[in-house]
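Novice: model this:
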Amino acid sequence: MRTGAAQRATLRRPEPGGDHVPCIPVGVACAGTPIPKKGRLMPYITPFQRETLEPALTGLLAALGEARASGDIPASGVDGALNYIITRLLHEAYAVKGSPHYQDFNAALGVLESVKLELYRRYVAPYEDGKILDNGDV
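Specialist: As a prediction, this is how the structure comes out:
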């Protein structure tokens with residue numbers, strides 16, 4: 001196990017515009033993480049698709065922020081609010097087909113797993129790398 005200078009030489013904090021800049025949520029970043037530049041948001045859908053979805057997402061994020069600021073959704077209730085929002089989105093996205101089938105549930109779980117992995121890759125891993133630099137490796 002390397003420590004000290006050797007460790008710092010191999011681990012770097014993410015730089016703005018670099019490969020590890022988190023891309024979600026728009027205009028919000030974790031402590032110490034740069035806010036993504038426009039054009040680096042959600043690279044898995046086309047710019048046209050992003051433009052179509054962005055007004056609704058901006059409105060939803062604004063409503064969530066206002067509810068948190070007013071105390072209608074306390075800090076301890078954010079997880080429940082996000083659970084509600086995500087559940088409604090998935091329900092509506094897959095309800096369009098009519099009666100749900102196993103493949104719909106499987107697809108929804110796949111989306112959730114991909115979101116989890118994307119969150120880890122873009123936010124958690126760079127955060128942990130920074131903490132290794134700050135506090136040393138295990």
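Novice: ok, which stretches of the protein are helices?
Specialist: 4-10, 47-70, 78-95, 102-119, 125-135 (DSSP state H).
Novice: So which of the ones you listed is the most surrounded?
Specialist: helix 125-135 (a mean of 14; mean count of other Cβ atoms under 10 Å). (C-beta placed from N, C-alpha, C; glycine too.)
Novice: Can you list the helices and strands that it packs against?
Specialist: If you count contacts as 3 or more Cβ pairs under 8 Å, 6 or more residues apart in numbering; DSSP states H and E, helix 125-135 packs onto helix 4-10.
Novice: The helix it packs on - what's its average pLDDT?
Specialist: Helix 4-10 shows a mean pLDDT of 41.
Novice: Confidence-wise, which of the helices of the chain is weakest overall?
Specialist: helix 4-10 (a mean of 41).
Novice: ok now do Ala75, which residues does it touch?
Specialist: Listed by Cβ atoms under 8 Å, 6 or more residues apart in numbering, the contact set of Ala75 reads Arg68.
Novice: confidence score at it?
Specialist: Ala75 is given a pLDDT of 90.
Novice: show me the contacts for the residue nearest to Pro100 when sequence neighbours are not counted.
Specialist: Closest residue in space to Pro100, ignoring its immediate chain neighbours: Tyr94 at 6.1 Å, by Cβ to Cβ, 6 or more residues apart in numbering. Shown in contact with Tyr94 (Cβ under 8 Å, 6+ apart): Pro100, Asp104, Phe105, Ala107, Ala108.
Novice: mind running it again at 10 Å?
Specialist: Applying Cβ atoms under 10 Å, 6 or more residues apart in numbering to Tyr94 gives the contacts Pro100, His101, Gln103, Asp104, Phe105, Ala107, Ala108, Val111.
Novice: farthest-separated two in these?
Specialist: His101 and Val111 (15.5 Å; Cβ to Cβ).
Novice: where does the residue nearest to Pro100 sit relative to Tyr102, distance-wise?
Specialist: Distance from Tyr94 to Tyr102, counting by Cβ to Cβ, to the nearest Å: 11 Å.
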